[in-house]
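J.: My questions are about this predicted structure, shown below with the sequence.
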Amino acid sequence: MDGYTLVLFLHLCSLLGAIGTAALLHFAEGRLREADTVAAIRVWARMIEKGAKVFPLALLVLMGTGAYLVDRRWTWSAGWIEAGLAGVVALFVVGAGVVGGRSRALRRELRDAADGALPPRLAYVAREHVGGIASWTNTGLALGIVFVMTTKPALPGSLASLVVAAGLGAVVAFRLRRIGGSRV
């Protein structure tokens, strides 16, 4: 076993950790949308907030190990690498900004909410906030990055792949909203 193989393993482990966390958080988001009491919202919002802390670490490990892998075997000017880097920046911005914004809004609403029935503003943040769509968009984008890293197209094809994958993630979110009675 050489260093490249070991770093590739760590790279894939961080990817698997992010995928597993995303799956759990999508489950929690579904439960959050269906929650009908403040107490239930608190449980799922807490899980989402705690689980979201995995993503910055996973992105950092992915970037560090990816930089090593590129430095050893590839060139930084390859289109698929440039697109992958742009995708990771987008994941961080959307995750910290939009999805994280939803968690911050939930925290603010929960701070003032008494246990019992859902106040309208809390119900809106839990069920309709754009963070629910952004979460699935990020999942699509992450899968797009994996596709680009695997197939290695030139820059235009890589960027198109990322846009399509993110769009498909958003489609999933909108479909879930329709299935759940306009809840995402």
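T.: In hand now; what should we look at? Numbers count the residues shown, from 1 in each chain.
J.: Could I get the phi/psi values of residue 37?
T.: Phi and psi for residue 37, reported as degrees, to the nearest 10, are phi -130, psi 160.
J.: Show the contacting residues for it.
T.: 115, 116, 117, 118 (Cβ atoms under 8 Å, 6 or more residues apart in numbering). Quick note: C-beta positions are derived from backbone N, CA and C, even for glycine.
J.: Tell me the pLDDT of the last one.
T.: The one in question is residue 118. Here the pLDDT value assigned to residue 118 is 91.
J.: returning to what we had before: pick out the most distant pair among the contacts of residue 37.
T.: 115 and 118 (10.5 Å; Cβ to Cβ).
J.: what do the two both touch?
T.: Joint contacts of residue 115 and residue 118 (Cβ under 8 Å, 6+ apart) are 37, 38.
J.: Between those two, tell me which one has more neighbours.
T.: Neighbour count, other Cβ atoms under 10 Å: between residue 115 and residue 118, residue 118 has more, with 19 against 9.
J.: residues in contact with the more buried one?
T.: Contacts of residue 118 by Cβ under 8 Å, 6+ apart are 35, 36, 37, 38, 41, 126.
J.: cool, and residue 80?
T.: Contacts of residue 80 by Cβ under 8 Å, 6+ apart are 148, 149, 151, 152, 153, 154, 155, 158.
J.: Does residue 48 touch residue 30 like I think?
T.: No. Using Cβ atoms under 8 Å, residue 48 is not in contact with residue 30; the gap is 10.9 Å.
J.: Give me the neighbour count for residue 63.
T.: When neighbours are defined as other Cβ under 10 Å, residue 63 has 17 of them.
J.: Number the residues from 508 up from this point.
T.: Done: numbering now begins at 508, and the last item shifts to residue 570.
J.: Can you give me the distance of it to residue 601?
T.: 16 Å (Cβ to Cβ, to the nearest Å).
J.: OK, contacts around the residue nearest to residue 621 when sequence neighbours are not counted?
T.: Distances taken as Cβ to Cβ, 6 or more residues apart in numbering place residue 545 nearest to residue 621, at 6.8 Å, with adjacent residues excluded. Applying Cβ under 8 Å, 6+ apart to residue 545 gives the contacts 617, 620, 621, 622, 623, 624, 625, 626, 629.
J.: The second one contacts residue 626, doesn't it?
T.: Yes. In this structure residue 620 lies within contact range of residue 626 using Cβ under 8 Å: 5.7 Å.
J.: Could you tell me how many residues sit around residue 634?
T.: If we define neighbours as other Cβ under 10 Å, then residue 634 has 20 of them.
J.: and if you look at the one 4 residues further on?
T.: Each residue near residue 638 was counted by other Cβ under 10 Å, and the total is 24.
J.: Please verify my assumption that it contacts residue 604.
T.: No. Counting by Cβ under 8 Å, residue 638 stays clear of residue 604, with 9.4 Å between them.
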